[in-house]
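K.L.:
have a look at this prediction, sequence included:
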2 protein chains.
Amino acid sequence: MTEHPKTLTCGALPASSKIHVAGTLYPDLRVPMRRIDLDPSSDEPPLVVYDASGPYTDPDAAIDIARGLQRIRTAWIEARGDTETHAPRPVAAADNGFAEGAGLAPAFPLHHRPRRARTGAGAVTQMAYARRGIVTAEMEFAAIRENQGRDMAGLRDGHDWGAAIPDHVTPEFVRAEIAAGRAILPANINHPELEPMVIGRNFLTKINANMGTSAVTSSMQEEVDKLVWAIRWGADTVMDLSTGRNIHTTREWILRNAPVPVGTVPLYQALEKVGGVPEELSWDLFRDTLIEQAEQGVDYFTIHAGLRLHHIPLTVDRVTGIVSRGGSIMAKWCLAHHRESFLYERFAEICAICAAYDISLSLGDGLRPGSIADANDAAQFAELETLGELTRIAWDHDVQVMIEGPGHVPMHKIKENVDKQLALCGEAPFYTLGPLTTDIAPGYDHITSAIGAAMIGWFGTAMLCYVTPKEHLGLPDRDDVKTGVIAYRIAAHAADLAKGHPGARARDDALSRARFAFRWEDQFNLSLDPDTARALHDATLPKQAHKVAHFCSMCGPKFCSMKISQDIRDAAREKGMADMATAFRKTGELYVTLDEGSDG
Amino acid sequence: MTEHPKTLTCGALPASSKIHVAGTLYPDLRVPMRRIDLDPSSDEPPLVVYDASGPYTDPDAAIDIARGLQRIRTAWIEARGDTETHAPRPVAAADNGFAEGAGLAPAFPLHHRPRRARTGAGAVTQMAYARRGIVTAEMEFAAIRENQGRDMAGLRDGHDWGAAIPDHVTPEFVRAEIAAGRAILPANINHPELEPMVIGRNFLTKINANMGTSAVTSSMQEEVDKLVWAIRWGADTVMDLSTGRNIHTTREWILRNAPVPVGTVPLYQALEKVGGVPEELSWDLFRDTLIEQAEQGVDYFTIHAGLRLHHIPLTVDRVTGIVSRGGSIMAKWCLAHHRESFLYERFAEICAICAAYDISLSLGDGLRPGSIADANDAAQFAELETLGELTRIAWDHDVQVMIEGPGHVPMHKIKENVDKQLALCGEAPFYTLGPLTTDIAPGYDHITSAIGAAMIGWFGTAMLCYVTPKEHLGLPDRDDVKTGVIAYRIAAHAADLAKGHPGARARDDALSRARFAFRWEDQFNLSLDPDTARALHDATLPKQAHKVAHFCSMCGPKFCSMKISQDIRDAAREKGMADMATAFRKTGELYVTLDEGSDG
């Protein structure tokens, strides 16, 4: 297991620098992007890519986790004039799992008064603004990011399965997608440190990484570094799934230092408060937990409100029953009390809370299949139907919603999931775990699921929840988190390519040109994980001279296909393909050229 | 880099034993399978799985690499009476890259006289027999393997894209598929150590692993162990892509110890013989190399005969030109001599050689795309059309053929590759490298390509050529080979599940039942890589007690969804779901049950 470092993981990725793009509607916006500089002796311009890593990769940023990130959204939120600050809910011992004395983690040093909607102001959500025709600063910020500094018209090649991806993402397009419920912009008004981003089928495919506190927490810096590490490699959001002690305090440290949306499953903390006994959960306790997390700034809540009492018998003959933790907790509660889930019955009240803080809902799939055998079964689809019903209730409250999806699904049943979700949930964004396309490879479920994730992303899933090699087996360490994030960046990018996202291919083409021209350094620097690419090259050809060699270790200098291919290209261009064509025509052979007017 | 061990990697996988199934037509056949025994306290029967690992995983087998494996096919071949032995072609210094003195590897100690078709006997290929209605011992052997000891009728669920997969594979079905050209059974008559297997769209999806000699060969045992290691984890065939010194001798050691088909690219050795200068290649030299390898027992030859002179200009404006080594060598030869490829012009002569030894042809895709930008372009598809033409010529000679495919292809262009290949090449088996679904992740190309491999396998590719994490960067070591093989076993199995191969789900279901019942040992033992699954579990929960714990480290005992789900199931079964349904009906709520006559 790799130890977490004693210092925060800061600094730019190789050959990369942070640039900032200003807004038009909101000229003060500083939208971060990553510029990768290429070999100056080549004709290649720098490549600008989407950058979710936050100020941690900006050498000019002053990072102090005890102060937290700059609260860039505060001015935007205040300017809207529809919120007010108030005294916070007092922190109870139960919030931190009854940790005490030396076991109690240090509190975050600064106190910010929480903010909520002013009485009578209505919903203060991005959806409410969008529906009123207001383009917020958050929307322009997210729009600019999506374009990655490129004018993308022209390079369109893909099959989008009915999505409607524009050549260029405008702030107005972001507004319209949020208003229609096809996208969400998770941004709690108590998380002003956030760099806003948008999740929807017509935007770049996003990925989420899960994190949780360690059983033995040695420092808050270590906990914050888990977040920093995940976003360094490309997580667009993180979910804090901590259980046990100090989760309130740890969440505060994480949120104050998180430039990405943070999601939680409030049920986990609520269960801690009742000593882990599902039957003892109550609406009052749950509601209090929602307020607790809302005031801290959690951007989205997973709520398993779609699992209803009458669904439970549908799972009895499954191979793997109920594998969602939230789902099994609620099922146990429902059976113990023999009554309908309080999450379902109180759903409108949950929405009212979300509307007052702009918390997005991620409707949990408590009945997702946990095995190939259980995929697309009656239980799963019955719950999905309820999720569609809940989506409409949330929208009635101007609350942003996404829908969680499976799980374990063989390839031939993946598309049906997306089609049903789009139809039943009014095109609300789909957020899927994998899916794993086979059950037989524990230890490699980042791969079994990257296959499913790439496909479901192509078909229309907006965000992919990562899976690490430790899935089903243990707690991911630092290496596992990185491997999971990279596997999912691959899946998301493969999906974007296949959907025909404008500009998605720019990075592939830049890397492939570097590869063909033997610009090894550029090839490493353009890759999703420059450190690993370089290390694997070093393993066979460690010398610096090999980084400029016109061959690689696979074929060696004599056999290098790309070297030969370059010779061919040079020779062909010198001689002129037209001459060759003429020569060939004389012999009566068919000769195909790329020129117009070719006879082939 | 992991060192190769000093001893051969032998011994059974955990909880596994080798069983042998007898034939019906040929009662003496001993078809190997792997039986995985499960916890005796469970009701689970042992699971029998396909086993390509050869006698190395059989503790009862006496392994002596200096004698080679048992020559099980000799009696079958002799019984056919259509072949004769003869004096071998003398080994020339050039065959071993002019190695000499201490640099010369030790020759394989035993000499077997090579065999070829008796003059006037015609083709001695499995295809020739199949077309004459003869079911060979090889065909029955391969048929028995495909069924994995199971009666598979009943469990069919999938979408096969027009394949015709039977419930049960009979020897006659294998014969008919080979006769139709839809399957091949690569089995050189000079490779009697082979355990026969079949490659075709209507059989289980197969995978190939590439291997090559090290620059510094410390021992022949090390070279043989590379083969043993690859098949231990599930490679169905291996390609020996060695270059440099001692390749003739090393190939002899490998073939004499290979229970799986061995493929080569004879062009690589031919190029070595002319000092690496493509222009100096000649038909005579190439022909002599084919005979050399035919007599040793190579089961399939990759021949880049589809790359024609007039295709070359189509590659000039590609982003990555020609990335196939064989393709670039032949392109250079064609341009240097300004004439048609001798592989194309002499293709009928190549077929005649293959027919005399039963060597299958793997028609190389010299113009496969090396980048997303070049996928499905005019060059690629022009060559594929030629491959279709060559397929028909091979079939005229009763020579078995498969067709190699790309490469780098974004997801939305994968299906077109399969559709065109099936149409242009008369449903000859497709054998693809990946494809990689994005170019941006060097260091992780086993993942970028496992996505494409799973999909193309589902669509109809018969065999998937593996890609390791070192692709584009360096030479794979022992760990890389294992990672590549497992990634491709995942892809092949995901494809088999989605195609609806009968019985494919048996292993998923067995593993998922073990998971739900917290039979951790069974879960490890049923997985593709038991060692890694166990090691990852140990990383978080090392104690033996945890291997029987009714929870895992991910949620811990209080939160375990499967534990809760089991409780729910037990409670529900005790109380009786029917009672619950009745209770619910009284309240007027809809209540769905799984029973017939439900009102839901």
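P.N.:
Noted; the coordinates are in hand.
K.L.:
what parts of the stretch 51-200 of chain A come near chain B?
P.N.:
A:157-159 (C-beta under 8 Å from any C-beta of the partner chain). C-beta: built from backbone N, CA, C; applies to glycine.
K.L.:
and which of the residues you listed is nearest chain B?
P.N.:
residue A:159 (4.2 Å; C-beta to the nearest C-beta).
K.L.:
the closest one contacts residue A:497, correct?
P.N.:
No. At 10.6 Å, residue A:159 does not count as touching residue A:497 under the criterion of C-beta atoms under 8 Å.
K.L.:
ok, back up a step: least confident of the residues of the stretch 51-200 of chain A next to chain B?
P.N.:
Least confident by pLDDT among those: that is residue A:157, with 90.
K.L.:
show me the contacts for that one.
P.N.:
Residue A:157 is in contact with A:500, A:505, B:410, counting by C-beta atoms under 8 Å, 6 or more residues apart in numbering or on different chains.
K.L.:
PyMOL command for the buried members of those residues?
P.N.:
Buried members of these, defined by 16 or more other C-beta atoms under 10 Å in any protein chain shown, are picked up in PyMOL with:
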select buried, (chain A and resi 500+505) or (chain B and resi 410)
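K.L.:
re the thing from before, residue A:159 and residue A:497: which is more packed in?
P.N.:
Legend: neighbour count by other C-beta atoms under 10 Å in any protein chain shown for residue A:159 and residue A:497, higher for residue A:497 (26 against 15).
K.L.:
mind checking how far that one is from residue B:86?
P.N.:
54 Å (C-beta to C-beta, to the nearest Å).
K.L.:
before we move on, what about residue A:448?
P.N.:
From residue A:448 over to residue B:86 (counting by C-beta to C-beta), the distance is 50 Å.
K.L.:
the residues of the stretch 51-200 of chain A next to chain B in strands, which ones?
P.N.:
Nothing among these maps onto strands, per DSSP state E.
K.L.:
name the residues of the stretch 201-350 of chain A found near chain B, please.
P.N.:
Going by C-beta under 8 Å from any C-beta, the residues of the stretch 201-350 of chain A near chain B are A:243, A:268, A:271, A:276, A:278, A:309-317, A:319-325, A:327-329, A:331-332, A:335, A:338, A:340.
K.L.:
quick one, which of these are buried?
P.N.:
A:243, A:268, A:271, A:278, A:309-316, A:319-325, A:327-329, A:331-332, A:335.
K.L.:
OK, contacts around residue A:125?
P.N.:
So residue A:125 contacts A:354-355, A:358, A:398-400 (C-beta under 8 Å, 6+ apart).
K.L.:
now for the residue nearest to it when sequence neighbours are not counted, how many residues are close by?
P.N.:
Among residues not flanking residue A:125 along the chain, residue A:358 sits closest, at 4.4 Å (C-beta to C-beta, 6 or more residues apart in numbering or on different chains). Neighbourhood size, residue A:358 [other C-beta under 10 Å]: 30.
K.L.:
show me what contacts residue A:358?
P.N.:
When contacts are counted by C-beta under 8 Å, 6+ apart, residue A:358 is found next to A:123-126, A:187-189, A:400.
K.L.:
common neighbours of residue A:159 and residue A:497, please.
P.N.:
Common neighbours of residue A:159 and residue A:497, using C-beta under 8 Å, 6+ apart, are residue B:412.
K.L.:
tell me which other helices or strands the lengthiest helix in chain A touches.
P.N.:
Ordering each helix of chain A by length in residues (DSSP state H) puts helix A:478-499 first. Helix A:478-499 sits against strand A:206-211, helix A:220-232, helix A:445-459, strand A:463-465, helix A:505-516, helix B:445-459, with contacts defined as 3 or more C-beta pairs under 8 Å, 6 or more residues apart in numbering or on different chains; DSSP states H and E.
K.L.:
want to throw those into a markdown table with distance to residue B:16 and mean pLDDT?
P.N.:
Putting those into a markdown table (distance: least, C-beta to C-beta, whole Å; pLDDT from 0 to 100) gives the following:
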| stretch | distance to residue B:16 | mean pLDDT |
| --- | --- | --- |
| strand A:206-211 | 34 | 97 |
| helix A:220-232 | 38 | 95 |
| helix A:445-459 | 21 | 98 |
| strand A:463-465 | 34 | 98 |
| helix A:505-516 | 41 | 96 |
| helix B:445-459 | 24 | 98 |
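K.L.:
for those, give me CSV that also has distance to residue A:54.
P.N.:
Output for the helices and strands packed on helix A:478-499, formatted as CSV (distance: least, C-beta to C-beta, whole Å):
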stretch, distance to residue A:54
strand A:206-211, 14
helix A:220-232, 6
helix A:445-459, 23
strand A:463-465, 18
helix A:505-516, 20
helix B:445-459, 26
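K.L.:
to residue B:530, which of these lies closest?
P.N.:
helix A:445-459 (14.8 Å; C-beta to C-beta).
K.L.:
could you dump the closest one to CSV, C-alpha only?
P.N.:
Output in CSV follows, covering the C-alpha atoms of helix A:445-459 (Å, rounded to 0.1, in the frame of the first residue of the first chain):
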residue,chain,number,x,y,z
ASP,A,445,-12.9,-4.4,-11.9
HIS,A,446,-11.6,-1.0,-13.0
ILE,A,447,-11.2,-2.8,-16.3
THR,A,448,-14.4,-4.9,-16.3
SER,A,449,-16.2,-1.6,-15.6
ALA,A,450,-14.3,0.7,-17.9
ILE,A,451,-15.7,-1.4,-20.7
GLY,A,452,-19.2,-0.8,-19.6
ALA,A,453,-18.5,2.8,-18.6
ALA,A,454,-17.2,3.8,-22.0
MET,A,455,-20.2,2.2,-23.7
ILE,A,456,-22.8,3.7,-21.4
GLY,A,457,-21.1,7.1,-21.6
TRP,A,458,-21.3,6.9,-25.4
PHE,A,459,-25.0,6.0,-25.2
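K.L.:
just the angle between that helix and strand A:206-211, please?
P.N.:
If you take axes from the mean of the first three to the mean of the last three C-alpha atoms, to 10 degrees, helix A:445-459 sits at 150 degrees to strand A:206-211.
K.L.:
give the buried residues for stretch A:166-179.
P.N.:
By 16+ other C-beta under 10 Å, the buried positions in stretch A:166-179 come out as A:169-171, A:173-179.
K.L.:
chain B: which of those residues is nearest?
P.N.:
residue A:169 (20.9 Å).
K.L.:
how close does the closest one sit to residue A:186?
P.N.:
From residue A:169 to residue A:186 the distance is 17 Å (C-beta to C-beta).
K.L.:
repeat that for residue A:71.
P.N.:
17 Å.
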